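Chemist: Sequence first, then the predicted structure:
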Amino acid sequence: MNTYVPQHYAAATLFRFGMVLHDAARVLKSAAQRLDQLIAIRKKAADDRRLLSEMNERELRDIGVSGGGPRERYERLHALEWRQPM
């Protein structure tokens, strides 16, 4: 026999409770890993926006981003902030 078959009601109950706790821990670990990934992505996006906002017109043109004026850059960055995934 490969499976564990408890002979007592209390042991069976504790065994099932342990299985439920184990499954819950697995789900929580998965959720925590997804949350860590989301936080890392948002932090990188914030860093990238900060770097773009610090670039001058020439640097922006060199990387292929239209320079525009300061107001246009502000509006573009503000629009990017609102499009971030939640």
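Modeler: Yes, it's here.

Chemist: Identify the residues contacting residue 59.
Modeler: By CB atoms under 8 Å, 6 or more residues apart in numbering, the contact list for residue 59 is empty. Heads up, the C-betas are built off the backbone N, CA and C, glycines and all.

Chemist: From residue 7, how far out is it?
Modeler: Using CB to CB, to the nearest Å, residue 59 is found at 74 Å from residue 7.

Chemist: So which elements touch the helix or strand where residue 24 lies?
Modeler: For residue 24, the element it lies in under DSSP states H and E is helix 9-54. Secondary-structure packing of helix 9-54 (3 or more CB pairs under 8 Å, 6 or more residues apart in numbering; DSSP states H and E): helix 70-82.

Chemist: My understanding was that residue 77 contacts residue 51; is that so?
Modeler: No. Contact criterion CB atoms under 8 Å: residue 77 and residue 51 do not qualify, at 10.9 Å.

Chemist: Give me the more crowded residue out of those two.
Modeler: residue 77 (13 against 10; other CB atoms under 10 Å).

Chemist: still on that earlier bit, now the helix holding residue 24: average pLDDT?
Modeler: The average pLDDT for helix 9-54 rounds to 93.

Chemist: What distance do you get for residue 52 to residue 79?
Modeler: Per CB to CB, residue 52 is found 12 Å from residue 79.

Chemist: Comparing those two, which residue is more hemmed in?
Modeler: For residue 52 versus residue 79, the count of surrounding residues by other CB under 10 Å is larger for residue 52: 16 against 9.

Chemist: Not counting sequence-adjacent ones, nearest residue to the more buried one?
Modeler: Of all residues not flanking residue 52 in the chain, residue 77 sits nearest, at 6.8 Å (CB to CB, 6 or more residues apart in numbering).

Chemist: Quickly note the distance from that neighbour to residue 64.
Modeler: Residue 77 is 17 Å from residue 64, by CB to CB.
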